[in-house]
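Engineer: fold the following and give me the result.
(4 chains)
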Amino acid sequence: MSNKETYKLQIGPTHPAFKEPVRFEFEVDGEHVLHADIDMGYTHRGIEHVSKERNFIQIIYLLERICGICSTSHPMAYCLAVENAAEIEVPARAKYIRTIVGELERLHSHLLWAGVAAHEVGFDTLFYTTWDIREKVMDCLEVISGNRVNYAMLTIGGVRRDIIGEVAEAVNKTVEYYSDLYSQLEDIMLNDMSLRLRTENVGILTYDEALKLCAVGPTARASGLAKDVRADYAVNAYPDIPWLKAITPNDVGKKPVGDIYDRIVVRVLEIKQSVDIIRFCMENMPGGEIVAEPKAVKVINQLKKVKAHGIGRYEGPRGEVSHYDILDNNECPVGVKVKAPTYSNIISWVPMFRGAEIADIPIIMSSIDPCIACSDRASFVEGEGKKTVSFGELRKLSMEKMNKIRRGL
Amino acid sequence: MLSTVSRIMQQFFGRRSTNVFPVKYAPESVIDALAGGDIHPPISMPEGYRGKLSYDFDKCIGCGMCLKVCPAKALEDYPIMDTEKNRPSKRIVFYRGKCTYCEECVKVCPVGAIKLNPDFMMANYEKYGDDQIEGIEKRREFEVKEGQ
Amino acid sequence: MKKDSFKYFKRSLWAFHINSGSCNACDIEILAALTPRYDAERFGIKLVGTPRHADVLVITGTMTEKIKDKVIRVFNQVPDPKLVMVVGSCGISKGVFQESYAMAGPVDAHIPVDVYVPGCPPRPEAIIYGVARAWEKLEMLEKGNAAS
Amino acid sequence: MNELTVFLIMVISTLIGGIYLGLLGRGIDRKIAAKFQSRIGPPIRQGFWDLKKLMLKQTIVPENSITWVFKGAPLVALVTSAMLLVYIMVPYLLYLTGYESPMFAHMGDFILVIYLLMIPAIALVAGGFSAGSPLSTIGSQREMVVLMATELPLAVTVIAFAVKMSVLAPSMPSFSIFTAASNPVWNGMGPAGILGVILLASAFLFIIPAETGKIPFDQAEAETEIAEGLLAEYSGKYLAFFQLAEALKSLGVVALVVVLFFPQGVSTIMGGQMIAGGINITVPCEIMFFLLKVSVVYSVSISFIRVSMARLKISQVSKFFIYSVSAVSITGFILIMIDPRIMAM
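Structural biologist: Sure thing, here's the model as predicted:
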């Protein structure tokens, strides 16, 4: 490839490596990426708009379908936000059940990610193995909630199903299974030679860049940035756990580089952490009610009388999810604002793609565990589909929007 | 590297994890082609699985609460004349293709007329075919009566 | 279109998966159907990387305005004979996203659909059952072809 | 029997058997890989069904492709792959059946085999370039890199064999497969030479997946990176041709390894003719034994390596072959050369 002519490579929106529609335009010189451009909006479904026409209970199921993989994180943040606004006290047992479901989801999401990442580098056996292991947690979630993916466990003021009797037994069995299997899994994920060849020193995001670009979740933690909503804020049952802390590669005695291998390390360690948290919760679960108000219609009527703002933040498997809800004496919220973790992490693709090869594109893409469905904010339905908004304009627009919301309240 | 190889070998000599499930449901002619050929049920369904909805027409009192909480508008009401009390009442039909299987209507129903069964085999050729709409026969019945 | 090749579809079905604005739930269940627990490959089902090799288009999601043209284009790239399978309630009827401005309508408003698999999301077994229903349909087509 | 008749019978039986076994091999490969992954996997006859279905499907030729190259490349790949198989198999079959004739002594020239190995790959490259899709173009570039990277170890091995053969059987042509088959390379060698042959064989363990485009060397078709790469635009019967060509080529390459490194037949091992019930069953036994060897090499070098490794990057592939595999094969070559028994000649 002696000639220095570059050409444009379009990847997506229907590409086998990315299960979600997103289009990349890479400027490539031979096998090297010079410049990357992202075109999003293919999965924009106008959820924030639709939610203004739904009542508080319906919104839970709508928000659950923002993303099917982190389908507890969004309702969790929403419920926390509404409870924050309406000052609803959640029973202690419900907090523990929420924690268990959230951690089981993290477990399945991280295993899923490990499989997808392995598939991206062509390591199909690892993909099959991790997904086979993952079936156990899916079964457990199915027993708890009645569905494999969309659990519908949360409701405003608590949870809908209790973990008791046979269900509790199933959870304990799952915990046992993963504690037994963990060392083998860790060995495969962290010590496999061909996987290390593909992931070490690829897609580097340094500590400074992670800080500057506001990366969240495992992406940030892999760069040595110890931030974790579970450890930093009082959410659910997490404050009761004395040993909980944000996991960074330092925990295995490795200096964080911020490459893909570090992200694998963080996620594998988090699998162990999740298992430990579930065990802790099962052992220390208090008794009592599981929901503040079981009648959905009563909850809606109660929330109709509230006029307040609420913020809910929760650490999803991909990073921090935060919801901002505005309640205004109405059956429906006046505003629902969603900030998904991938939304913060997308921009960190830019430093990662610098100097990458074409072969690295899928693994770098999936290394932040992207959820395009979470983070599509706008889409052009007519016209050229490209408009540049400068920082000043953006600031002006958001100030206008904010004023509008304030006046409305 | 060694751990991977040992795991692969374990998988090679160990029990396979596949559940030979849908043999029972495949068309006759295909069964021979399927591996194993044993009749296997699906992986055991947990109690409280949120699957196919079933609706008890006689139990329903027509309060319309389910319509209010359904996030997907999968339920549609149709008015009938309540013969006993001699006043208009409401009944529902339920579109399986619209449902999100959240169980909210089940929780909200005051008389327990709606239930979610653990059955999940729902694939079909028609979007709104008769077996994809719960309660359609009853609705037809009433429409015919009204016509008379 | 050659009807003979339907016979071989039952033995060898290559699927191309399109996400037309879904929430990933159906997508991960489709992938799960390939994993050791369910192992769809034992029926000769394979996920391929390009529409040119595909026999069946597996569409998940709601068909947003922006991706509509792309999906239609992919549909046209698939060589005949082809099947279209819609997985998930929101592809069938927009599901929970009714009244959204960004929706171009259900999938069958734009391309012909052969099999609908309701569920939110359907279990991997339900997806495999959907494929079995597709085979049944092919069988019916074959017989219809022989009769005519 | 007339020499020409024998030749034709062998060619035709090799072709028919090759197509059948090649497709069967694909099925067995998938089944074994599935077993490694704790699954059931497709039926063994899956390869045939896939091919039949592809033959019946519509074939789309992209508008912006160079049509004649696009259509011609699959045929060239198929024909040359078949030729490769015939060219490797016929001399070996001649050796197995013990049919000796001066006409066949020169059959199966190594240099020609190397070229025949290249042509299907080049046809793939041409097809990929002509398809006019950027993904196919990248796939073609990668295929070229893999092709060039494997050339050096392949050539070194062949030269080592030629040198060895010139010593073992000075009266016979050194570059001929017939010679290599009738004089196993392990014979007449000291410990250094044996170690050298083992090194050459282990280099081939990685050359086989590279030549046949299997993980970890399937960069040209990488599904998750460039969407099947140079096959991205092919559909219907042209894809079927490529698949058949690939099946034949895999069988050919594996057969080449068996012929080069493990040519011993049953009769040589058992030390005589195999006779059961008064009928001489040596030839069927030889063929069965040969197939056994092929399937062992196939499942180790293709199936096992495929399931236990991740796909390498193209830069890693070229480094791997140019440094590691070449070093291994050159060391093997040197060891064979300095073997005292060869030095003595």
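
Engineer: for the residue positioned nearest the centre of chain A, what are its contacts?
Structural biologist: Among the residues of chain A, the one closest to the centroid is A:Arg318, at 3.3 Å (C-alpha atoms, centre = their mean). Contacts were defined as C-beta atoms under 8 Å, 6 or more residues apart in numbering or on different chains; by that measure A:Arg318 touches A:70, A:73, A:109, A:216-218, A:340-342, A:345, A:368-369, A:371, A:374. From N, CA and C alone the C-beta is placed, and that goes for glycine too.

Engineer: state the distance from it to A:Gly41.
Structural biologist: 19 Å (C-beta to C-beta, to the nearest Å).

Engineer: try C:Arg11
Structural biologist: Counting by C-beta to C-beta, the gap from C:Arg11 to A:Gly41 is 40 Å.

Engineer: try A:Glu320
Structural biologist: Taking C-beta to C-beta as the measure, A:Glu320 falls 23 Å from A:Gly41.

Engineer: and if you look at D:Gly332?
Structural biologist: 57 Å.

Engineer: now A:Ala92
Structural biologist: Between A:Ala92 and A:Gly41 the distance is 42 Å, computed by C-beta to C-beta.

Engineer: now A:Lys136
Structural biologist: Note on A:Lys136: its distance to A:Gly41, by C-beta to C-beta, is 36 Å.

Engineer: next: A:Asp29.
Structural biologist: When C-beta to C-beta is the yardstick, A:Asp29 and A:Gly41 sit 28 Å from each other.

Engineer: of these two, who's got more company?
Structural biologist: With other C-beta atoms under 10 Å in any protein chain shown as the criterion, A:Asp29 and A:Gly41 differ in neighbour count, and A:Gly41 comes out ahead with 23 against 14.

Engineer: for that one, helix, strand, or coil?
Structural biologist: A:Gly41 falls in the coil class when you classify it by DSSP: H, G, I helix; E, B strand; the rest coil.

Engineer: and the one 4 residues further on, by the same measure?
Structural biologist: Reducing the assignment at A:Arg45 to three states with three-state DSSP gives coil.

Engineer: ok, it to C:Met63 distance?
Structural biologist: Taken as C-beta to C-beta, the spacing of A:Arg45 relative to C:Met63 amounts to 10 Å.

Engineer: need the overlap of contacts for these two.
Structural biologist: Counting by C-beta under 8 Å, 6+ apart, the contacts common to A:Arg45 and C:Met63 are C:21, C:103.

Engineer: per the annotation, how does chain B divide into domains?
Structural biologist: B:16-43, B:53-147 (automatic domain parsing).

Engineer: show me where the stretch 201-350 of chain A has its helices.
Structural biologist: Using DSSP state H, counting those that start in this stretch, the helices assigned to the stretch 201-350 of chain A run over residues A:207-212, A:217-222, A:229-232, A:260-284, A:296-304, A:341-345, A:349-353.

Engineer: of the ones you listed, which stretch is the most buried?
Structural biologist: By mean neighbour count, with neighbours taken as mean count of other C-beta atoms under 10 Å in any protein chain shown, helix A:217-222 ranks first of the helices of the stretch 201-350 of chain A at a mean of 28.

Engineer: list the contacts of that one.
Structural biologist: A:205, A:210, A:227-228, A:246-249, A:256, A:258-259, A:262-263, A:265-267, A:270, A:315-320, A:341, A:345, A:348, A:367-369.

Engineer: can you show me the CA trace of it as CSV?
Structural biologist: Output in CSV follows, covering the C-alpha atoms of helix A:217-222 (Å, rounded to 0.1, in the frame of the first residue of the first chain):
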residue,chain,number,x,y,z
GLY,A,217,-18.8,3.2,34.2
PRO,A,218,-16.3,0.5,33.4
THR,A,219,-14.8,2.6,30.6
ALA,A,220,-13.8,5.3,33.1
ARG,A,221,-12.8,2.8,35.8
ALA,A,222,-10.5,1.0,33.3
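
Engineer: where does it sit relative to the chain's centre, distance-wise?
Structural biologist: Averaging C-alpha coordinates over helix A:217-222 and over its chain gives two centres that are 12 Å apart (C-alpha atoms, centre = their mean, to the nearest Å).

Engineer: and the residue of the stretch 101-250 of chain D closest to chain B?
Structural biologist: D:Pro216 (12.7 Å; C-beta to the nearest C-beta).

Engineer: ok now do that residue, which residues does it touch?
Structural biologist: So, once contact is read as C-beta under 8 Å, 6+ apart, D:Pro216 ends up touching A:122, A:194, D:209, D:305-306, D:309-312, D:317.

Engineer: please narrow these to those residing in strands.
Structural biologist: When those are checked against strands (DSSP state E), there are no matches.

Engineer: so which of those residues is the closest to chain B?
Structural biologist: A:Ser194 (7.7 Å).

Engineer: and the closest one, how far is that from A:Thr72?
Structural biologist: Spatial separation of A:Ser194 from A:Thr72 under the definition C-beta to C-beta is 34 Å.

Engineer: neighbour count for these two, which is higher?
Structural biologist: When neighbours are counted by other C-beta under 10 Å, A:Thr72 comes out ahead of the other of A:Ser194 and A:Thr72, with 28 against 21.

Engineer: show the pLDDT at the nearest residue to the more buried one once chain neighbours are set aside.
Structural biologist: Ranked by C-beta to C-beta, 6 or more residues apart in numbering or on different chains and with sequence neighbours excluded, the top spatial neighbour of A:Thr72 is A:Glu105, at 4.7 Å. The predicted structure scores A:Glu105 at 89 on the pLDDT scale.

Engineer: burial check on A:Glu105, number of neighbours?
Structural biologist: In terms of burial, A:Glu105 registers 24 neighbours under the definition other C-beta under 10 Å.

Engineer: helices and strands around the helix or strand containing it, which ones?
Structural biologist: Taking DSSP states H and E as the definition, one finds A:Glu105 inside helix A:92-120. Identification of packing neighbours for helix A:92-120 by 3 or more C-beta pairs under 8 Å, 6 or more residues apart in numbering or on different chains; DSSP states H and E yields helix A:73-86, helix A:124-145, strand A:158-159, helix A:166-191, helix A:260-284, helix A:361-367.

Engineer: at 7 Å instead, please
Structural biologist: Taking 3 or more C-beta pairs under 7 Å, 6 or more residues apart in numbering or on different chains; DSSP states H and E as contact, the helices and strands that helix A:92-120 lies on are helix A:124-145, strand A:158-159, helix A:166-191, helix A:260-284, helix A:361-367.

Engineer: mind checking which of those is nearest D:Thr179?
Structural biologist: Ranking the helices and strands packed on helix A:92-120 by their distance to D:Thr179 (criterion: C-beta to C-beta) puts helix A:124-145 first, at 40.5 Å.
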